[in-house]
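In: Kindly generate the corresponding structure for this input.
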Amino acid sequence: MDLKRVFILYSERSGSNLLRVLLGNHPNLSAPVSPQFFDSFTPHIEKFGDLRKRENSISLISKLITYANHPFSDWNLKISAEDIYSEFAPQNFIETVDALYATKAREDNKAGYVCKERHLFNYSGLVMASLSGIDWLFLHRDPRDVVSSWLKNNILYFTAYEAAQSWKEDQKKCFALHRAYNLSYHQLSYEELITDTEQTLTSLLEYLDMNVDEQCFQNEQNNEEANRNVLWKNLNKPIDSSNKKNYVDILSQKQTLIIESVCKQQMEALDYQLETDAQWSPAIGKNNYQYFNKVKELLKQKIRSNKKTSDLLRDRQKLKRELISSL
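Out: Have a look, this model is predicted:
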């Protein structure tokens, strides 16, 4: 049986980890925590040299194994870089990442894997040039709830404008892949995922040409990943069908107006109903610039509310620096 590859296109805070976990409950799909190979290593990939050479390829494989085995992603791969090279002989970075995901799937006794690397839409061209037979999924969520989540957790984005712009650009890239580059994907929303989980996963599994399995309809109640990241705290809880339109209690009317003005075109394309006239413009009054100026001091002083999450992320960042600097 050919290796099943499922790649998820998404914006952060859109329920991608929930979707990953549900798919990972299928007896034929491995869905590990993403180590973020693409964002972490592609900016430095030239330092590894020609990956068609055995020694360079093994060096890359070895570092990716170390990174994947960090406690944050905790792949617990027990195979050597030499053994992976002997089996797969990857010739480039994408093939190397695929080899690690395939190895993880085999160690999980699964026939395929789910990849939800961050910002996959930025790397889809490279992926498609190296791999074939990929099933692409496009997951989206109401931008007002996405922005609310960022602001509520006080992580990465500190203004509605900034977070809305990020969501808008992500959707534009996904649309472009589909419409301009003829990439076929199965589209689903976070809202339908939580309100009609069974039907949504049934349709998705049928699209993937996989047997429908009821294990995919609910979270595992003892999912230990929930303890690693404060943003994943709901992964070991029953799916909450009411977890939508949270923005009503979080956003001000002005913030909602800003988000809808920024994201209007994409919201309409995804059937999210506007609640304002979406006519806000940053050019109206200099005080409006407070909504989109980056607060650099806050970014530098960013504090995550969960110490374990903060320590793991800091330690993983240190590991990445060590792996790259050793080249």
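
In: Please, where are all the strands along the stretch 51-200 of the chain?
Out: Secondary structure of the stretch 51-200 of the chain (DSSP state E, counting those that start in this stretch): strands at 112-115, 134-140, 185-189.

In: Apart from its chain neighbours, what residue comes closest to Ser40?
Out: Lys320 (5.5 Å; C-beta to C-beta, 6 or more residues apart in numbering). From N, CA and C alone the C-beta is placed, and that goes for glycine too.

In: ok, the one you found touching Tyr67?
Out: Yes. Contact criterion C-beta atoms under 8 Å: Lys320 and Tyr67 qualify, at 6.7 Å.

In: now Lys63, nearest residue through space, not along the chain?
Out: Leaving aside its chain neighbours, Lys63 sits nearest to Leu323 (4.6 Å; criterion: C-beta to C-beta, 6+ apart).

In: Give me the helices and strands touching whichever strand or helix holds the one you found, please.
Out: Using DSSP states H and E, Leu323 sits in helix 307-325. If you count contacts as 3 or more C-beta pairs under 8 Å, 6 or more residues apart in numbering; DSSP states H and E, helix 307-325 packs onto helix 54-68.

In: who does whichever strand or helix holds Val21 touch, helix- and strand-wise?
Out: Element membership for Val21 (DSSP H and E) is helix 16-24. If you count contacts as 3+ C-beta pairs under 8 Å, 6+ apart, helix 16-24 packs onto strand 4-9, strand 112-115, strand 134-140, helix 190-195, helix 197-207.

In: between the third one and helix 16-24, what angle do the directions make?
Out: Looking back up the chat, that one is strand 134-140. 140 degrees (axes from the mean of the first three to the mean of the last three C-alpha atoms, to 10 degrees).

In: Strand partners (parallel or antiparallel) of strand 134-140?
Out: As defined by DSSP bridges, the strand partners of strand 134-140 come to strand 4-9 (parallel), strand 185-189 (parallel).

In: Next, count neighbours for Ser166.
Out: Residues within reach of Ser166, counting by other C-beta atoms under 10 Å, total 19.

In: quick one: it and His119 touch, right?
Out: No. Assessed by C-beta under 8 Å, Ser166 is found out of contact with His119, at 10.7 Å.

In: In the stretch 151-300 of the chain, where is pLDDT below threshold?
Out: 221-236, 283-300 (pLDDT under 70).

In: Same question for the stretch 1-150 of the chain.
Out: Along the stretch 1-150 of the chain, segments meeting pLDDT under 70 span 1.

In: which neighbours do Lys320 and Tyr67 share?
Out: Ser40 (C-beta atoms under 8 Å, 6 or more residues apart in numbering).

In: Could I get the full set of helices for the stretch 101-250 of the chain?
Out: Per DSSP state H, counting those that start in this stretch, the stretch 101-250 of the chain has helices spanning 124-130, 143-153, 160-179, 190-195, 197-207, 247-250. These are given in chain order.

In: The longest one vs strand 134-140, what angle?
Out: Calculated by the same axes, to 10 degrees, helix 160-179 forms an angle of 150 degrees with strand 134-140.

In: List the contacts of stretch 179-192.
Out: Here stretch 179-192 has contacts from 9, 14-15, 18-19, 124-125, 128, 135-142, 145, 174, 177-178, 200, 203-204, 207-208, 244, 270, using C-beta under 8 Å, 6+ apart.

In: repeat for stretch 203-211
Out: With contact meaning C-beta under 8 Å, 6+ apart, stretch 203-211 is reached by 4, 6, 23, 26, 28-29, 135, 137, 186, 188, 212-213, 216.

In: If any of those residues are buried, give me the PyMOL selection for them.
Out: Only the buried entries of these go into this PyMOL selection, using 16 or more other C-beta atoms under 10 Å:
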select buried, resi 4+6+23+26+28+29+135+137+186+188+216
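
In: Quick check: the farthest pair among the contacts of stretch 203-211?
Out: Using C-beta to C-beta, the two most remote members of the contacts of stretch 203-211 are Asn28 and Leu188, lying 19.5 Å apart.

In: quick one on the thing from earlier: could you report the separation of the residue nearest to Ser40 from Phe72?
Out: Lys320 sits at a distance of 11 Å from Phe72 (criterion: C-beta to C-beta, to the nearest Å).

In: same question, Ser149
Out: Distance from Ser149 to Phe72, by C-beta to C-beta: 20 Å.

In: quick one on the thing from earlier: next, format the strands paired with strand 134-140 as JSON lines and append distance to Ser34.
Out: Compiled in JSON lines, these are given as follows (distance: least, C-beta to C-beta, whole Å):
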{"stretch": "strand 4-9", "distance to Ser34": "9"}
{"stretch": "strand 185-189", "distance to Ser34": "18"}
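
In: quick revisit: what number of residues lie near the residue nearest to Lys63?
Out: 19.

In: again, but for Glu55
Out: 10.
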